[in-house]
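Peer 1: Give me coordinates for this.
(2 chains)
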Amino acid sequence: MVIQRLIPRAAQLINNSITLKQTNSRNVILRLISTSQCHFADRYFTRKHEWVQIDGKIGIVGISDYAQSALGDVVFAQLPDVDSVLNQKDECGALESVKAASELYSPISGRVVAKNASVEETPSLINTSCYEKGWLFKIELTNNKELTELMNESQYKEFLKSDEHH
Amino acid sequence: MLLRRLISSTRICAKYSTETKNAIATALYNLHVKEGGKMVNFAGYYLPVQYNDLSITNSHLHTRKNASLFDVSHMLQTEITGNHCVEFFEELCTADIAGMHNGAATLTVFTNDKGGILDDLIVTKVNDSHLYVVSNANRKEQDQKLIMNAFNKFKNLEMDSNINIRFYDPSERSLIALQGPKSAQVLQGITNVNLSELYFMHSTLANISDVDGCRITRCGYTGEDGFEISIPSRKVTDIVETLLKNDTVRLAGLGARDSLRLEAGLCLYGNDITEQTTPVEATLTWLIAKRRRGLGNFLGAQTILAQIKDGCQRKRVGLLLESGPPARHNAPIFNSEGNKQIGMVTSGCPGPSIGRNIAMGYVSTEFSKIGTNLKLKVREKMYDTIVTKMPFVKANYYNKPK
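Peer 2: Model prediction:
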């Protein structure tokens, strides 16, 4: 929830920054950068369009807006069971839409500590709220260093613009 | 009739493929893009999977209730004219074209000498010296070769034949499918043909929206009433735009086309029927016309006629899933105990109109009876399924009153 509150604030700052830059206010720009790091730094993306958001030792995993849109109406979510131990890039479940099945890969190594029962019940949450209500599972990280292999939000946006993601 | 490529490409490319390199644009390409079509390379053609403003599920449901417009210009349209063209074409397929009256159309198959299916197609008998054929895009090259080889052979035997074969390029002739219960009402507003007298599997030339030389065939791939309309490509955008002025008509893509045809129990070439399956195994025995069975004069007759008489080892069946994920192409089918694999799924998806997952596949004949409980394996888990009569959704064709 902290993150949610930060997003509008960061956005506001970005908007302001255009005018502020013109006045060459160094302090404000620095503050903007630190705020955006705080906001963006803790959601990482894989090349297969999963995201993981870090909260202490726990990572919350979901799929990106691009992925949910490409997949279309999700009708079935198969999520990893609690206590399963996953390595980074392990296939750990699948999402099914009308047109196709899409495997789910763990963005990070660790032990699954929770799965989102609401998503199993109502898979369309993945379409309507892929970064919040549509989270998939929570994982206790065993190797924080793996995060460096993932993309932050702006890197991911660049990645989507490139042809590589196809 | 070829969504497998799409699905397999999405698997290879992890999430979803929008790869559109080296594909051919149909005459409606600009219109698709303008209308928000999500374009993919499908059997070598740029075609929309769906449109931005309508999910596949909603597009599917819209078709069953109203009318949807599909661009199927990627399919191969062929005209065969000349004396003996019926005789010539019967050598390739299993239909009784000689016995059809003028203006009638039928589904048929090209077979090989082992009884395998080389393609499925609709042949319209315009008259004794004129046939109009629509076959699959992903079999275009093979079909053309097959027809040309047969043509060369036939020409040598029948010296007096003046058969002429014309394969239409999508830049010359486009094909659109208007499907759904409101199709007739919509089309009637812009054509000179009295559609109340054009029954299911019948075809006629028509003027549509002041364009002459269109051909309307009352058929489709959704299980609904509807039409496939062949139009000179330079006029197709105008006609589609005119049709779209009607509020009940929405554009639909390959996604809805696949789920609609599966609910209707219709086969997709390459998935549900292949060179390795015979019409009898595919429960398409009705495609082997009575007169042709008597004569036994089609490729693979020996195998096919023996299977009609003595039965075959496996059969195509419909499967309804109790719960769990949809079982897709290549999912293994097990007996009810789950200890013996007895078949394989060839197509499967959620059925938006029935709200359940559906599939078709081949099982050993002893397990093919309607009501048989079986199991499906999806990602190492077993799910209950039951052999179910197809179509899964009642067909809604405009049949001639008996």
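Peer 1: Could you pull up the residues touching the nearest residue to residue B:331 once chain neighbours are set aside?
Peer 2: Spatial nearest neighbour of residue B:331, excluding adjacent residues (CB to CB, 6 or more residues apart in numbering or on different chains): residue B:345 at 4.1 Å. C-beta here means a position set from N, CA and C on the backbone, and glycine is covered the same way. Residue B:345 makes contacts with B:319, B:327, B:328, B:329, B:330, B:331, B:332, B:333, B:359, B:360, B:361, B:376, as judged by CB atoms under 8 Å, 6 or more residues apart in numbering or on different chains.
Peer 1: just checking, residue B:345 is part of a strand?
Peer 2: Yes: going by DSSP: H, G, I helix; E, B strand; the rest coil, the assignment for residue B:345 places it inside a strand.
Peer 1: Residue B:300 versus that one, what's the distance?
Peer 2: Using CB to CB, to the nearest Å, residue B:345 is found at 25 Å from residue B:300.
Peer 1: about what we covered before: out of the contacts of residue B:345, which comes closest to chain A?
Peer 2: residue B:328 (5.7 Å; CB to the nearest CB).
Peer 1: so what's the closest one up against?
Peer 2: A:100, A:101, B:7, B:345, B:347, B:348, B:349, B:359, B:378.
Peer 1: The second one: neighbouring residues, count only.
Peer 2: Per other CB atoms under 10 Å in any protein chain shown, the neighbour tally for residue A:101 reads 24.
Peer 1: Give the buried residues for stretch B:38-51.
Peer 2: B:38-43, B:45-51 (16 or more other CB atoms under 10 Å in any protein chain shown).
Peer 1: quick one: is it near chain A?
Peer 2: Yes: if you take CB under 8 Å from any CB of the partner chain as the test, stretch B:38-51 does meet chain A, through B:49, B:50.
Peer 1: can you give me the mean pLDDT across that stretch?
Peer 2: For stretch B:38-51, mean pLDDT rounds to 95.
Peer 1: Send over it as PDB, restricted to the C-alpha atoms.
Peer 2: Once non-C-alpha atoms are left out, stretch B:38-51 reads as follows in PDB (Å, rounded to 0.1, in the frame of the first residue of the first chain):
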ATOM      1  CA  LYS B  38      -4.200  -7.600 -33.100                       C
ATOM      2  CA  MET B  39      -2.400  -8.800 -36.200                       C
ATOM      3  CA  VAL B  40      -0.400 -12.100 -36.300                       C
ATOM      4  CA  ASN B  41       1.200 -14.200 -39.000                       C
ATOM      5  CA  PHE B  42      -1.200 -17.000 -39.600                       C
ATOM      6  CA  ALA B  43      -0.400 -19.600 -42.200                       C
ATOM      7  CA  GLY B  44       1.600 -16.900 -44.000                       C
ATOM      8  CA  TYR B  45      -1.000 -14.100 -43.800                       C
ATOM      9  CA  TYR B  46      -1.400 -11.100 -41.600                       C
ATOM     10  CA  LEU B  47      -4.700 -11.700 -39.800                       C
ATOM     11  CA  PRO B  48      -6.300 -10.400 -36.600                       C
ATOM     12  CA  VAL B  49      -6.500 -12.700 -33.600                       C
ATOM     13  CA  GLN B  50      -9.000 -10.300 -32.100                       C
ATOM     14  CA  TYR B  51      -9.800  -6.600 -32.000                       C
END
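Peer 1: Relative to the whole chain's centre, how far out is stretch B:281-288?
Peer 2: Centroid displacement of stretch B:281-288 relative to its chain, using CA atoms, centre = their mean, to the nearest Å, is 15 Å.
Peer 1: Likewise for stretch A:121-136?
Peer 2: Taking CA atoms, centre = their mean, one finds the center of stretch A:121-136 at 12 Å from the center of the full chain.
Peer 1: Not counting that stretch itself, show me its contacts.
Peer 2: With CB under 8 Å, 6+ apart as the criterion, stretch A:121-136 contacts A:4, A:43, A:51, A:60-65, A:67-68, A:71-77, A:79, A:93, A:95-96, A:104, A:115-116, A:118-119.
Peer 1: Likewise for stretch B:241-249?
Peer 2: B:31, B:66-69, B:178, B:182, B:185-187, B:189-190, B:209, B:251.
Peer 1: isn't residue A:43 right up against residue A:59?
Peer 2: No: between residue A:43 and residue A:59 there is no contact under CB atoms under 8 Å: 10.0 Å.
Peer 1: Go ahead and confirm residue B:178 touches residue B:229.
Peer 2: Yes: contact criterion CB under 8 Å: residue B:178 and residue B:229 qualify, at 6.6 Å.
Peer 1: so what sits against both of the two?
Peer 2: Joint contacts of residue B:178 and residue B:229 (CB under 8 Å, 6+ apart) are residue B:187.
Peer 1: How about the secondary structure of the closest residue to residue A:149 other than its chain neighbours?
Peer 2: In space, and not counting its chain neighbours, residue A:149 is closest to residue A:88: 7.5 Å by CB to CB, 6+ apart. At residue A:88 the chain is in coil, as set by three-state DSSP.
Peer 1: who touches residue A:88 in this structure?
Peer 2: Contacts of residue A:88 by CB under 8 Å, 6+ apart are A:106, A:107, A:108, A:109, A:143, A:146, A:149.
Peer 1: Look up phi and psi at it.
Peer 2: For residue A:88, the backbone dihedrals are phi -60, psi 140 (criterion: degrees, to the nearest 10).
Peer 1: Next, work out how far apart it and chain B are.
Peer 2: Distance of residue A:88 to chain B, given as CB to the nearest CB, to the nearest Å: 15 Å.
Peer 1: Residue 131: neighbouring residues, count only.
Peer 2: I'll assume chain A. 18.
Peer 1: Please refer instead to chain B.
Peer 2: Residues near residue B:131, counting by other CB under 10 Å, number 23.
Peer 1: Hmm, residue A:138 and residue A:113 touching each other?
Peer 2: Yes: using CB under 8 Å, residue A:113 is in contact with residue A:138, at 5.1 Å.
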